[in-house]
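Peer 1: Predicted coordinates and the sequence they were generated for:
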Amino acid sequence: MIEISLAAEDTRSAFDAETIDLLIECAKEGDLPAFQAICEKLEKRSLNADAQGFLGWTPAHWAAREGHVHILVYLHDIHANLDIVDKKGDTLLHKAASNGQYRVCQWLLEHGFNVQAKNNHQRTPLDLARQHLGLANTSEAALTEAILARENANTF
């Protein structure tokens, strides 16, 4: 009888999943040095920094939601795919807009993100920014709504 062990493969998968989870956590926290170190580790294992976690969110989705432009700049510089949508069809601009992240929205618009992109619920980043403004009437939320409204008005 021949016995085949998949233990090494299972260990690698578990390690990779843990590493990707850690990468996502660093993106949420905005910890660039740790994020860079993990990206280098992933590259050595032929994995990439745009791996999707829970609900299809990538580290970039979390960075956009939490307002960490510096993480997005790094991901852009290493040619990570910033166009991935999550399971709801949200782009990075949707995530930033829904959390009132003005600086992230500004950076994404400067890098060609579509203000009129619709998610699976037919909602645009501007729709989500307006919803957020109604919930959190802050200057950051107002700036986010204003920049998206201006960009939307200038888009044909």
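Peer 2: Sure, I can see it.
Peer 1: so residue 26 makes contact with residue 42?
Peer 2: No: between residue 26 and residue 42 there is no contact under CB atoms under 8 Å: 11.7 Å. Every C-beta, even on glycine, is put in place using the N, C-alpha and C of the backbone.
Peer 1: out of these two, which sits in the more crowded spot?
Peer 2: Just comparing residue 26 and residue 42: by other CB atoms under 10 Å the higher neighbour count belongs to residue 26, 23 against 18.
Peer 1: send the alpha carbons of the helix or strand that contains residue 107 over as PDB?
Peer 2: Counting by DSSP states H and E, the element that carries residue 107 is helix 102-110. Coordinates of each C-alpha in helix 102-110 appear next as PDB, following Å, rounded to 0.1, in the frame of the first residue of the first chain:
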ATOM      1  CA  TYR A 102     -11.100  62.200   1.000                       C
ATOM      2  CA  ARG A 103      -7.300  61.900   0.500                       C
ATOM      3  CA  VAL A 104      -7.700  58.300  -0.800                       C
ATOM      4  CA  CYS A 105     -10.500  59.300  -3.200                       C
ATOM      5  CA  GLN A 106      -8.400  62.200  -4.500                       C
ATOM      6  CA  TRP A 107      -5.400  59.900  -5.100                       C
ATOM      7  CA  LEU A 108      -7.600  57.200  -6.800                       C
ATOM      8  CA  LEU A 109      -9.200  59.800  -9.100                       C
ATOM      9  CA  GLU A 110      -5.800  61.100 -10.000                       C
END
